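Asks: Kindly return the folded structure for what I paste below:
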Amino acid sequence: MAKMRIRRDDKVVVIAGKDKGREGRVLRTNPTAERVVVERVAVTKKAVRPTQRNQAGGFVEIEQPVHVSNVMLVCTKCGKPTRVSARRNDKGKRVRVCKKCGKDID
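Replies: Coordinates of the predicted model:
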């Protein structure tokens, strides 16, 4: 199992599948399944019963997880989708680096 280089609250773009080209923020990650949940991507409708909290019930739209290989991180500096490498900064902390512009992402 490879280490995921995408974290929660990262901005990503979908590069494969029915939502190809869409951008969104990562809401949740699941490293064991290598999946991420991106806002407004892979949205499905789910029927829910009326409960104390949701008295109306009906259909609710929820985001389904997508495989991490189908999304690409958008660099915060150059604004382009990019691959990610890692290196140690001058303080010895591991930081992610944009492969396109060479600047630190973290």
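
Asks: what's downstream of the top strand by length along the chain, the next helix or strand?
Replies: The longest strand of the chain (DSSP state E) is strand 23-30. Next in sequence after strand 23-30, counting helices and strands by DSSP states H and E, comes strand 35-38.

Asks: Paired strands for that next one, with orientation please.
Replies: Paired with strand 35-38 in the same sheet, following DSSP bridges, are strand 23-30 (antiparallel), strand 66-67 (antiparallel).

Asks: For this structure, which residue occupies the most central location?
Replies: V26 (3.4 Å; CA atoms, centre = their mean).

Asks: which residues sit in contact with it?
Replies: 6-12, 36-38, 71 (CB atoms under 8 Å, 6 or more residues apart in numbering). All C-beta atoms are positioned from the backbone trio N, CA, C, and that covers glycine.

Asks: mind redoing it with 6 Å?
Replies: With contact taken as CB atoms under 6 Å, 6 or more residues apart in numbering, V26 is in contact with 8, 10, 12, 36, 38.

Asks: And it, how far from E39?
Replies: Taking CB to CB, to the nearest Å as the measure, V26 falls 8 Å from E39.

Asks: which residues are common contacts for the two?
Replies: Going by CB under 6 Å, 6+ apart, no residue sits against V26 while also sitting against E39.

Asks: Just grab the bridge partners of the nearest residue to I62 once chain neighbours are set aside for me.
Replies: Closest residue to I62 apart from its sequence neighbours, by CB to CB, 6 or more residues apart in numbering: K46 at 5.5 Å. Beta-bridge partners recorded for K46 (DSSP bridges): V60.

Asks: how many other residues sit next to the closest residue in space to A42 that isn't next to it in sequence?
Replies: The spatial neighbour of A42 that comes closest, neighbours along the chain excluded (CB to CB, 6+ apart), is Q64 at 4.2 Å. Using other CB atoms under 10 Å, Q64 has 12 neighbouring residues.
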